[in-house]
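>>> this one's structure only:
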């Protein structure tokens, strides 16, 4: 009986959302804010990836809110698992192939993650994607050597430093520019590595912070 | 150069199709892992290198991607096989010998 | 166009199946497959940033975290009593 009611409700919600979304004129003449971003985005910011300039320059404050949500999630996991008693099944010691494979692959995955967030303003990518790839690298190194860990205090210190430096750069922008997170460094030429003001600096900090956070979550779940 | 690239890509897609067919029809977990590893690795490598031959400016990048797939796909399937043996998944009825009894000391 | 319609139908069937299964490990793996098809559709709609985020976080890390959580609790869902 409950299943029939929930199915009928789902169909009603689907019909409602379909009729609401199909009337939006995508890409036609009425969108004035997105036209302004597309036409003047590269000139005003100096970064050739327009998505990056929207995330970190036009809507930079919302990115600060997103970082706060990730931080609260990690703290919540730490609170829930604080005195957890049941150990679950034991993880068996890994075989020789897994040991050697994870030792060989770990530096390359880390290098690829760092490449993604350093070139965030030139090609698709950015801080969050690079941080997730770095966390997968840590996952495969934990599966290869379950007993040997990188020190947990170091990971927490790196994560807190990333968040604090982000806010400090924002306050520096308030001091020198007039509003929080204003663009104070020079813009440079388009399509080179050093361009776009503070945008590459902010992406490096976001990448390090998200990578350390997700690696800390996996470490906490695995012990 | 372009026609060689198209031929290699077509060859790769035939192998991917055969890998899927093998996973459907083979009787046992351990047999399906054989089809899943060899056919899909070879099919993916041939497809990506075929694309690299069709556009010569991307050739070295596709070579790197193919090398990465060649290194990681067999390791993950080895981990799956070892995990299913340790969990007690039974062998198929027509099996003749089980070599892992020698290592159980 | 037919290819995209086929992918969307497989995604819908996968989402419904992963709510009905009783074995939690199989449900998590089917959920990972739904996330992978969503990443392909994002790439088709010309949004590569979102596709990279969905593939790396949704398909890889979420599945791994769910498997660790199932290891600490139970694996088979028991029947709930209908009242």
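Now that the structure is in, tell me what you want to look at. Here the structure is a predicted model, which means the values were calculated and not measured. Numbers count the residues shown, from 1 in each chain, chains lettered A, B, ... in the order given.
>>> contacts and neighbour counts: CA atoms only from here.
Noted.
>>> List the contacts of residue A:50.
Shown in contact with residue A:50 (Cα atoms under 8 Å, 6 or more residues apart in numbering or on different chains): A:37-38, A:41-42.
>>> Could I get the pLDDT score of the residue nearest to residue B:22 when sequence neighbours are not counted?
Excluding the flanking residues, the one nearest residue B:22 by Cα to Cα, 6 or more residues apart in numbering or on different chains is residue B:35, at 5.7 Å. Per-residue pLDDT puts residue B:35 at 90.
>>> What are the neighbouring residues in contact with residue B:35?
Residue B:35 sits next to B:19, B:22-23 when contact means Cα under 8 Å, 6+ apart.
>>> that older thread, which members of the contacts of residue A:50 are classed as buried?
Listed as buried from the contacts of residue A:50 are A:37, A:41-42; burial here means 16 or more other Cα atoms under 10 Å in any protein chain shown.
>>> CSV for the residues you listed, including pLDDT and distance to chain B?
Compiled in CSV, those are given as follows (pLDDT from 0 to 100; distance: Cα to the nearest Cα, whole Å):
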residue, pLDDT, distance to chain B
A:37, 85, 31
A:41, 80, 29
A:42, 81, 27
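>>> So which of the residues you listed belong to helices?
Using DSSP state H, A:37, A:41-42 are the members of the buried ones among the contacts of residue A:50 that sit in helices.
>>> so where does the closest residue in space to residue B:19 that isn't next to it in sequence fall, helix or strand?
Once flanking residues are discounted, residue B:19 sits nearest to residue B:39: 4.9 Å by Cα to Cα, 6+ apart. Using DSSP states H and E, residue B:39 sits in helix B:29-54.
>>> hmm, back to that, quick check: the residue nearest to residue B:22 vs chain C, distance?
Distance of residue B:35 to chain C, computed by Cα to the nearest Cα, to the nearest Å: 20 Å.
>>> coming back round to it: closest to residue A:174 among the buried ones among the contacts of residue A:50?
Of all those, residue A:41 has the smallest distance to residue A:174: 22.0 Å, by Cα to Cα.
>>> And the residue lying closest to the closest one once chain neighbours are set aside, how far from chain C?
Spatial nearest neighbour of residue A:41, excluding adjacent residues (Cα to Cα, 6+ apart): residue A:50 at 6.3 Å. Taking Cα to the nearest Cα as the measure, residue A:50 falls 11 Å from chain C.
>>> Which other helices and strands does the lengthiest helix in chain A contact?
What stands out as the longest helix in chain A, according to DSSP H, is helix A:152-177. Counting contacts by 3 or more Cα pairs under 8 Å, 6 or more residues apart in numbering or on different chains; DSSP states H and E, helix A:152-177 packs against helix A:199-222.
>>> The helix it packs on: which residues count as buried?
A:199-200, A:202-219, A:222.
>>> One more: stretch B:38-57?
Residues B:39-54 are the ones in stretch B:38-57 that count as buried (16+ other Cα under 10 Å).
>>> out of the contacts of residue A:50, who's nearest chain C?
Nearest to chain C among the contacts of residue A:50: residue A:38, at 14.9 Å, using Cα to the nearest Cα.
>>> Now do the SS call for the spatially most central residue of chain C.
The centroid of chain C falls nearest to residue C:31 when counting by Cα atoms, centre = their mean (1.6 Å). What DSSP: H, G, I helix; E, B strand; the rest coil gives for residue C:31 is helix.
>>> is it true that it touches residue C:15?
Yes - at 6.8 Å, residue C:31 counts as touching residue C:15 under the criterion of Cα atoms under 8 Å.
>>> Under the pLDDT cut-off, which ranges of the chain? List them.
Picking chain A for this. Along chain A, segments meeting pLDDT under 70 span A:27, A:30, A:85-89.
>>> other chain: chain B
Ranges of chain B meeting pLDDT under 70: B:104-105.
>>> could you redo the last one with a cut-off of 50?
Within chain B, no range satisfies pLDDT under 50.
>>> Need the ones in helices among the buried ones among the contacts of residue A:50 in CSV (columns: distance to residue C:66).
Listed next are these as CSV, based on distance: Cα to Cα, whole Å:
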residue, distance to residue C:66
A:37, 39
A:41, 40
A:42, 41
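>>> Just the closest of the residues you listed to residue C:24, please.
Within these, distances to residue C:24 taken as Cα to Cα reach their minimum at residue A:37, with 45.2 Å.
>>> Could you pull up the residues touching that closest one?
Contacts of residue A:37 (Cα under 8 Å, 6+ apart): A:50, A:54.
>>> ditto for residue A:166
A:202, A:205-206.
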